[in-house]
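Asks: 3D model of this:
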Amino acid sequence: MLRTAFCPVIRDALDAADTIEIMANPDGSVWIERQGVGLEKSAHDLSPADRERVIRLVASGAGEATNRASPIVSAELPGSGERFEGLLPPVSLAPCFSIRKPSRIPSSLDTYVGRDALSPALALALRSALEARENILIAGGTSSGKTTFANALLAEPALADERIVILEDTRELDCAAPNAVRLRTQQGKVSLQQLVRSTLRLRPDRIIVGEVRGPEALDLLKAWNTGHPGGITTLHANSARGALRRLEQLTLEATRRIPFDLIVESIDVVVFMSRAHGERRVEEALRVTGFDSDGYVTEPLVSRSLSLVRHGDMT
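Replies: Here you go, the predicted structure:
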């Protein structure tokens, strides 16, 4: 029923391996982003009735209610698992939705190097960081490729013989390690913060979090700093330095004082992803080396030249 509600353009885009995101706007226009192509407007429009039918079918499959009191649907497409976000009036002028597809094209650090999205020296430095069990924070804007790059790190041999616990809101991360446990939140019932705390009882070697958005950031930092190094997570930010500032803001949702020392001790490497014309690349990678009266002290991951991130200047 859901595939029937989609127009042929959306069905074809869902089946295409290079599709990144599909968006149906309140005006009925359909926009599709493809790897290496960017965002393009489809020639096909989707009627308000069809858009609403799609949203209600997804909500029904996820066991969620849809009405004026609950006009937002955050779920996965049944069967295939793509991330779905649907909105109905009154929060939008008309029904609209977005479908984010997990990449079906296998990615590795070598893949990024091959398309000039990552330098060979930086790929080597990141492999060394994984082998040394350093904690890596991947930052970037919406649809900048943070999750795909996290998957590339998870595919590295350094993780193959360890017990990996992966925590997510929506299943997007892949890990080839044979001893891997994947957990996900349950809307309104099990939060990411609860999962982080429960994970410590599962004896993980590494804790991987799909994305930190709230007070779970503090619990994750504590876990990484108390016998569970080698973790990976993603975060929305506008720069590598801005990621540290964003992390501060998230910890303040759980504590009254910014835990500067804990951040420095827990975050070893910050990778910043950018997107331009459909291409995702590693724009910057910093090593966090300390904190003083002026702010965080960092250095480029592939250089010994130090740079100072002043706390008051981070945006």
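
Asks: Please count neighbours and contacts with C-alpha atoms only from this point.
Replies: OK.

Asks: Return the longest helix seen in the chain as CSV; C-alpha atoms alone will do.
Replies: Scanning the chain for the helix with the most residues, using DSSP state H, yields helix 48-62. Output in CSV follows, covering the C-alpha atoms of helix 48-62 (Å, rounded to 0.1, in the frame of the first residue of the first chain):
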residue,chain,number,x,y,z
PRO,A,48,-1.9,16.6,-1.0
ALA,A,49,-4.0,13.5,-0.7
ASP,A,50,-1.2,11.2,-1.7
ARG,A,51,1.3,13.0,0.6
GLU,A,52,-1.1,12.6,3.5
ARG,A,53,-1.7,9.0,2.7
VAL,A,54,2.0,8.3,2.7
ILE,A,55,2.4,9.9,6.1
ARG,A,56,-0.6,8.1,7.6
LEU,A,57,0.5,4.7,6.2
VAL,A,58,4.0,5.1,7.7
ALA,A,59,2.5,6.2,11.0
SER,A,60,0.2,3.2,11.0
GLY,A,61,3.1,0.8,10.4
ALA,A,62,5.0,2.4,13.3
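
Asks: C-terminal to it, what's the next element?
Replies: Counting by DSSP states H and E, the next helix or strand C-terminal to helix 48-62 is strand 72-76.

Asks: angle of the very next helix or strand once past that following strand against helix 48-62?
Replies: Remark: after strand 72-76, the chain's next helix or strand is strand 83-87, criterion DSSP H and E. Here the directions of strand 83-87 and helix 48-62 differ by 130 degrees (axes from the mean of the first three to the mean of the last three CA atoms, to 10 degrees).

Asks: Show me the contact partners of stretch 112-122.
Replies: With CA atoms under 8 Å, 6 or more residues apart in numbering as the contact definition, stretch 112-122 has outside contacts at L109, A123, R280, R281, V282, A285, L301, V302.

Asks: if I look at the first one, how far off is L122?
Replies: If I follow you right, that is L109. L109 is 9 Å from L122, where distance means CA to CA, to the nearest Å.

Asks: Between those two, which has more neighbouring residues?
Replies: Using other CA atoms under 10 Å, the more surrounded residue of L109 and L122 is L109, with 24 against 19.

Asks: coming back round to it: got the buried residues for the longest helix of the chain?
Replies: Residues of helix 48-62 classed as buried: P48, D50, R51, E52, R53, V54, I55, R56, L57, V58, A59 (neighbour count, 16 or more other CA atoms under 10 Å).

Asks: can you give me the helices for the stretch 201-315 of the chain?
Replies: 216-224, 240-251, 260-266 (DSSP state H, counting those that start in this stretch).

Asks: Same check on the stretch 1-150 of the chain?
Replies: 2-5, 8-15, 48-62, 109-114, 120-131, 146-154.

Asks: Ok, which of those helices comes nearest A240?
Replies: The closest of these to A240 is helix 146-154. By CA to CA, the value is 12.4 Å.

Asks: in the stretch 101-250 of the chain, what spans have low per-residue confidence?
Replies: Applying pLDDT under 70 to the stretch 101-250 of the chain picks out residues 103-106.

Asks: can you do 80?
Replies: For the stretch 101-250 of the chain, applying pLDDT under 80 flags the ranges 102-106, 187-188.

Asks: Brilliant, that's me finished.
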